[in-house]
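K.L.:
missing the sequence, but the structure's below:
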């Protein structure tokens, strides 16, 4: 079973995404900020990270940057209301694999998750 880590500080979005992915057959771990996200990544085997950009303590861009620095090769899908072009380009420059702007369709999220996980194998 594929394990997905969702890092999102909005509890409603976090729970909605987690429930949706669990229904699709994935094991889902949750983090409310980037610091918790990195702690989980270092402790467990993760197949995909879905992260928001704006979170307390450590933001999503810093998470992506840290993964790269520590040579942790996990695909990252960024979900953010911050659709400004500089955030999109910065996320990709740092190593994000995909980017979705909130609000988003759960069906599209499922498609992109499957595509990233298939690409990893």
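P.N.:
Great, that's in hand. Just so it is clear, the model here is predicted, and its values are computed rather than measured.
K.L.:
Flag every buried residue along the lowest-mean-pLDDT helix or strand in the chain.
P.N.:
Least confident helix or strand of the chain, by mean pLDDT, DSSP states H and E, is helix 85-94 with a mean of 88. For helix 85-94, burial by neighbour count (16 or more other CB atoms under 10 Å) applies to 87-88, 90-91, 94. For the C-beta atoms, the positions are set from N, CA and C on the backbone; glycine is no exception.
K.L.:
Now do it: which elements does it pack against?
P.N.:
Counting by 3 or more CB pairs under 8 Å, 6 or more residues apart in numbering; DSSP states H and E, the packing neighbours recorded for helix 85-94 are helix 60-69, strand 98-101.
K.L.:
Kindly calculate the angle that that helix makes with helix 60-69.
P.N.:
Helix 85-94 runs at 10 degrees relative to helix 60-69, counting by axes from the mean of the first three to the mean of the last three CA atoms, to 10 degrees.
K.L.:
what does helix 85-94 contact?
P.N.:
Residues outside helix 85-94 that contact it (CB atoms under 8 Å, 6 or more residues apart in numbering): 53, 60-61, 64-65, 68, 78, 80, 99.
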